[in-house]
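Q: 3D, please:
(one chain, ligands or ions: 1)
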Amino acid sequence: MHSRWNEEASNQFPGDLAQRVYTSRLLGQDSTLVLHGGGNTSVKTQVANLFGEQEDVLYVKGSGWDLETIEAEGFAPCRMKDLLRLAELETLSDPQMAVELQKSKTDPSAPAPSVEAILHAILPAKFVDHTHADAVLAVTNTADGRQRVSEIYGDRVVVVPYVMPGFKLARLCAELFPEQAGPQTIGMLLMNHGMFSFGETARESYERMIELVGLAEDYLAGQGARIGKSSAPDASERFLGGQRLELAELRRAVSDAARAPMILRVNDDDAALDFATRPDVAEIATRGPATPDHVIRTKRVPMIGRDVDSYAASYASYFDEHGDASLTMLDPAPRVILDKDLGLCTAGRTAKDAGIVEDIYRHTMEIIGAATELGGWQALDARDIFEVEYWDLEQAKLRKAGSPPPFAGEVCIVTGAASGIGKACVTAMLKRGAAVVALDLSADVAGLHVRKDYLGIACDLTDGSQLEAALDRGVKAFGGIDMLVLNAGIFPMGAPIAALSADDWRRTMSINLDANLDLMRACHPLLKLSPRGGRVVIIGSKNVPAPGPGQAAYSASKAALQQLARVAALEWGADNIRINTLHPNAVFDTGIWTPEILEQRAASYGLSVDSYKTNNVLKVEVTSQDVAELAAELCGPLFAKTTGAQIPIDGGNDRVI
Ligand code: ZN
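A: Residues are numbered from 1 along each chain as shown. This next block holds a predicted model:
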């Protein structure tokens, strides 16, 4: 473990709070120290109030901020005198503590202080750093962890037995720290939880953390139990087409247990498969999480294999046994699934959540592996874990989380996604919370968005093996397909029928019709498994109801596609799949319409560009975004009882009306 401190960089952060920002980010940059909102830091300083009086204030990490990206406003300023008085109380409920912490702030608009704020206040140093470092967890989560900790640290850290994070822990530390701390002490270790370090400067506190965690790493290495070997996934693609349906079935079962659509992500790299296929996996992986901080994301234990019903039932009985069974009604679905063929599958209401669960579990696999080599992995007992989970659920109820976006947990394929209407459909779907698999012939599609809920694949849909591979990748990333927006198509050069070449005709049919049939057919079993029912949107054309001369191939291909959609609506209704069509006209903000072509066309009708664009009954311009928004709405609840419909989006066309 090396220090990332850089003198020059640190000079860009003058003052106590800025220094606190700088080294907090250094901690956040190392995922073996701090993961996704885990860990917290503080600095004690003085701030002048409105009356010019200096007040002692603790700036402590606010909830909702990650150390890696934290800014000064991510720290909540709390009055030290209030925090220290709270630490003297005999008892205080955690909800009441949360209220008192909010009241201690000098700035009401600052974020809610970390639940560990009182712990930070009682440690007698200016800067305090706290992490849930992998190496520390691997050492403490063993049967003789307490003894190993003494061996590693001697009297350099005060050791606190496990107590659930919250007021009780703060109270215990307030009691134990003054009793046990000596001149050698530079940290405080909480068993099965994590490490605190402290110092008079940001650098001192940070580098002590690095040193303390480094000692645990060295100890592990000395015992042949190295950590951090393979926490990153490798790029191997093992997922086979035959597993597509199995995975979609598993995702459907997880979604049913969660009573909401869920994203399910497959990680079948070496590290994941090695762990999932360990002969002792069912035994070691179900002992509990590495730190209470992970429970709310990963659930108490992973599911081994694919029996979601049994998992949900045992989750319910675990709540029954320990307390409030009504809480299980919230969501008994697994978040981590270990399967010998699929490897590590992670579930979440969004692709981002599933990604966070993946990160956490990759570290958990490392910690369990190292602790096992050390002589035996031992997690918290079920009662302790239950308390944390129960507390988190209570907190979640208090937080009154806003309702999720309409397509949260759902997956949409968009074809022809790199430009024009397709690109706008991607945006409309992402905006509504769907994960998007974007397909296009153009390689640009891969980099259209860089986010966990987007997968862009360059792919020729007329090539069956490319289409199959793209579906495999999409299902591997998100677990299934709920929506299909068939937008890809070509608009060939016009030609009268007498002069139409057979090649042009076939090519147009192959792209605009055959490729869509292939994709619909391949997606049907996946759409059938959609938790809310599958939806298909066809981007048709005004040329279907009102063809023009010179476009026989295009008009015939779109009309045939329309007829295909109508038959699919009849055949797939029993599978709860809806198919509806939009007929756009004169959408000019697409790749094919350059300003020059637009001008030429407008001139050929004797119109200005503006009147050419709005040459319809309503005199409005129809944009890609207009079409995309309607396409997305067709997949939503407004159209839940509509299938087989054809809707014009053309500003009103006198030939269609
Ligand atoms: Zn903690």
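Q: who's in contact with Asp626?
A: Neighbour list for Asp626: 587, 649 [criterion: Cβ atoms under 8 Å, 6 or more residues apart in numbering]. Quick note: C-beta positions are derived from backbone N, CA and C, even for glycine.
Q: element containing it?
A: Taking DSSP states H and E as the criterion, Asp626 maps to helix 624-634.
Q: ditto for Leu598
A: Following DSSP H and E, the helix or strand that holds Leu598 is helix 595-604.
Q: now the following helix or strand past that helix: buried residues?
A: In the C-terminal direction, the helix or strand that comes right after helix 595-604 (DSSP H and E) is helix 609-613. Of all the residues in helix 609-613, those buried under the rule 16 or more other Cβ atoms under 10 Å are 612-613.
Q: and helix 609-613, what other elements does it pack with?
A: Applying 3 or more Cβ pairs under 8 Å, 6 or more residues apart in numbering; DSSP states H and E, one finds that helix 609-613 contacts helix 595-604.
Q: so Tyr59 lies in a helix, does it not?
A: No - assigned with DSSP: H, G, I helix; E, B strand; the rest coil, Tyr59 falls outside any helix and is strand.
Q: near it, how many other residues are there?
A: Residue crowding around Tyr59 was assessed by other Cβ atoms under 10 Å; the count is 25.
Q: where's the closest residue to Ala133 other than its chain neighbours, which helix or strand?
A: Nearest non-adjacent residue to Ala133, counting by Cβ to Cβ, 6 or more residues apart in numbering: Val213, 4.4 Å away. Using DSSP H and E, Val213 maps to helix 202-222.
Q: in that helix, what's buried?
A: 202-210, 212-217, 219-220.
Q: who touches stretch 587-599?
A: For stretch 587-599, contacts defined as Cβ under 8 Å, 6+ apart pick out 419-421, 491, 609, 612-613, 621-624, 626-627.
Q: just to revisit the earlier point, report the mean confidence score over the helix holding Asp626.
A: For helix 624-634, the per-residue pLDDT values average out at 98.
Q: equivalent analysis for stretch 290-300, please.
A: When pLDDT is averaged along stretch 290-300, the result is 81.
Q: also stretch 166-178?
A: Taken as a whole, stretch 166-178 carries a mean pLDDT of 91.
Q: remind me, longest helix of the chain?
A: Residue-count comparison of every helix in the chain, with assignments taken from DSSP state H, identifies helix 351-373 as the longest.
Q: average pLDDT across that one?
A: Across helix 351-373, the average pLDDT comes to 92.
Q: show the secondary-structure elements that it is packed against.
A: Using 3+ Cβ pairs under 8 Å, 6+ apart as the contact criterion, the elements in contact with helix 351-373 are helix 134-140, strand 263-267, helix 270-276, helix 295-298, strand 343-348.
Q: need the winner for burial among these.
A: Scoring the helices and strands packed on helix 351-373 by mean neighbour count under mean count of other Cβ atoms under 10 Å gives helix 134-140 as the most buried, with a mean of 29.
Q: quick one, domains of the protein?
A: The domain map for the chain lists 7-222, 244-401, 411-591+623-649, with the assignment taken from automatic domain parsing.
Q: export the ones you listed to TSV and tack on distance to Gln600?
A: Conversion of the domains of the chain to TSV gives the following (distance: least, Cβ to Cβ, whole Å):
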stretch	distance to Gln600
domain 7-222	49
domain 244-401	44
domain 411-591+623-649	13
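Q: weakest of these in terms of mean pLDDT?
A: Per-stretch averages of pLDDT across the domains of the chain put domain 244-401 at the bottom, with a mean of 85.
Q: can you report how many residues lie near Thr623?
A: The burial count for Thr623: 17, using other Cβ under 10 Å.
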